[in-house]
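Peer 1: Okay, predicted coordinates and the sequence, questions at the end:
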Amino acid sequence: MKLQTVKVENAVGKILCHDITKIVRGECKEAVFKKGHIIQKEDIPKFLKIGKDNIYILDLDADDVHEDIAGIRLGNAITGPGLTWRGPKESKVSLFAERDGLFKINVAALEAINELPDVILSTLRNNSVVKKGDLLAGTKVIPLVVPEQTVATAEKICQDAGWITEVVPFKQVKVGVVITGNEVYKQRIRDSFGPVMKEKMQAYGQEILRIDYAPDDCEDIRNKISKMADDGAGLIIVTGGMSVDPDDLTPTAIAQTGAEVVKYGAPVLPGAMFMLAYLKDTAIMGVPACGMFFKTTIVDILLPRVLVGERLTRKDITGLGHGGLCRSCESCHFPNCTFGVGVF
């Protein structure tokens, strides 16, 4: 790469190495051309009009890559299913959601790309719920020109990883709800859990198969869960009875269905007494009373992942301790906050 002074008429196709500013007294001071601009034939009259007969340009070596070309190549390599890219604008390529869904990041590959000299990739956090058109990531190279090897290495990281980014669409899941507790079953109090669960499911376009009510009876709770699974529920929400009081039988009932208990107890507040289990392919969420009183709980963190068909592990839950404390803000801004950030 060499810095040269040339007449503007001879600069077509060359790279401008600094901003060209137009100054009109009392009217404006603005950049007519930005550093890194590739000079076009139609630019020549504009240069001459502002008194630029000669300009500094960069003459690239064979293995040099201009920042805009590098950005385009990075955008092509990084953009996965459900995303599209636009740009470059001021050398940056931006990635956007092509559909609603859950934004997934290959974090190890992301870190490997950012370990390269002069390359950056910045994204939303992993497992973000996104809407079509949302900005999800930005990538660029830092200098005006980078070696071909740098860009090629970034492309190879993407190729070897198999994927870097994806927006996974939500599946249509039949959701069953089993609400436990003598006080609701015997109609001593009004059910408050049902409306909350309906609202959460409707936000993701999910169908409620039905809502069943069960007393504080382990066999009855177990049978209603099993019947819900037999009737095709892909997700069963079981509410109430999740603490350690003598009448709190829900965790035992879930286990007695034969379900594999992934984790009972979560490092999330609110949501500490949460349980996750799987009855074959049916996910079962045991939701404590906080799910009725708090706008945002562990359910809101894990529900989107279940609805894209992900089978969660114990590590997925234990990792939520980092970022698992809700600040209980007066005005809730979830998910645009630290709650549920986790360790990926």
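Peer 2: Cool, got the structure. Keep in mind that this is a model prediction, so the values were computed, not measured.
Peer 1: Any regions of the chain where pLDDT drops low?
Peer 2: Counting by pLDDT under 70, the chain shows low-confidence ranges at 1-3, 22-30, 56, 58-60, 342-344.
Peer 1: center of it, which residue is that?
Peer 2: Central residue of the chain (Cα atoms, centre = their mean): S128, 2.8 Å from the mean position.
Peer 1: Okay, and the beta partners of that residue?
Peer 2: For S128, the beta-bridge partners are F103 (DSSP bridges).
Peer 1: residues in contact with it?
Peer 2: 102-103, 136, 335 (Cβ atoms under 8 Å, 6 or more residues apart in numbering). Using the backbone N, CA and C atoms, a C-beta is placed for each residue, glycine as well.
Peer 1: now, the most widely separated pair of those residues?
Peer 2: L136 and P335 (13.6 Å; Cβ to Cβ).
Peer 1: Most neighbours among the contacts of S128, please name it.
Peer 2: In terms of neighbours by other Cβ atoms under 10 Å, these top out with F103 at 24 neighbours.
Peer 1: for the helix or strand that contains D220, packing partners?
Peer 2: Element membership for D220 (DSSP states H and E) is helix 218-230. Judged by 3 or more Cβ pairs under 8 Å, 6 or more residues apart in numbering; DSSP states H and E, helix 218-230 is in contact with strand 174-180, strand 207-214, strand 235-239, helix 250-256, strand 275-279.
Peer 1: Could you check stretch 287-301 and say which residues are buried?
Peer 2: For stretch 287-301, burial by neighbour count (16 or more other Cβ atoms under 10 Å) applies to 287-292, 294, 296-301.
Peer 1: Adding secondary structure and distance to P251, write the residues you listed out as a markdown table.
Peer 2: A markdown table is the format used below for those (DSSP: H, G, I helix; E, B strand; the rest coil; distance: Cβ to Cβ, whole Å):
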| residue | secondary structure | distance to P251 |
| --- | --- | --- |
| V287 | strand | 12 |
| P288 | coil | 10 |
| A289 | coil | 14 |
| C290 | helix | 15 |
| G291 | helix | 15 |
| M292 | helix | 17 |
| F294 | coil | 20 |
| T296 | coil | 23 |
| T297 | coil | 17 |
| I298 | helix | 15 |
| V299 | helix | 16 |
| D300 | helix | 21 |
| I301 | helix | 20 |
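Peer 1: Please identify which of those is nearest to A259.
Peer 2: Nearest member of the buried residues of stretch 287-301 to A259, counting by Cβ to Cβ, is V287, at 15.1 Å.
Peer 1: how many other residues sit next to D231?
Peer 2: The number of residues near D231, taken as other Cβ under 10 Å, comes to 11.
Peer 1: Could you shift the numbering so residue one becomes 58, and keep it that way?
Peer 2: Will do, 58 is the new start, and the previous item becomes D288.
Peer 1: how much space between the residue nearest to it when sequence neighbours are not counted and K231?
Peer 2: Computed as Cβ to Cβ, 6 or more residues apart in numbering, the closest residue to D288 that is not its neighbour in sequence is L266, at 6.5 Å. Plainly put, L266 is 4 Å away from K231 if you go by Cβ to Cβ, to the nearest Å.
Peer 1: can you list residues touching both of those two?
Peer 2: Applying Cβ under 8 Å, 6+ apart, one finds that L266 and K231 are jointly contacted by 289-290.
Peer 1: coming back round to it: export the buried residues of stretch 344-358 as a markdown table, with columns for distance to T375.
Peer 2: Compiled in a markdown table, these are given as follows (distance: Cβ to Cβ, whole Å):
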| residue | distance to T375 |
| --- | --- |
| V344 | 18 |
| P345 | 17 |
| A346 | 22 |
| C347 | 19 |
| G348 | 20 |
| M349 | 25 |
| F351 | 21 |
| T353 | 20 |
| T354 | 17 |
| I355 | 12 |
| V356 | 17 |
| D357 | 18 |
| I358 | 13 |
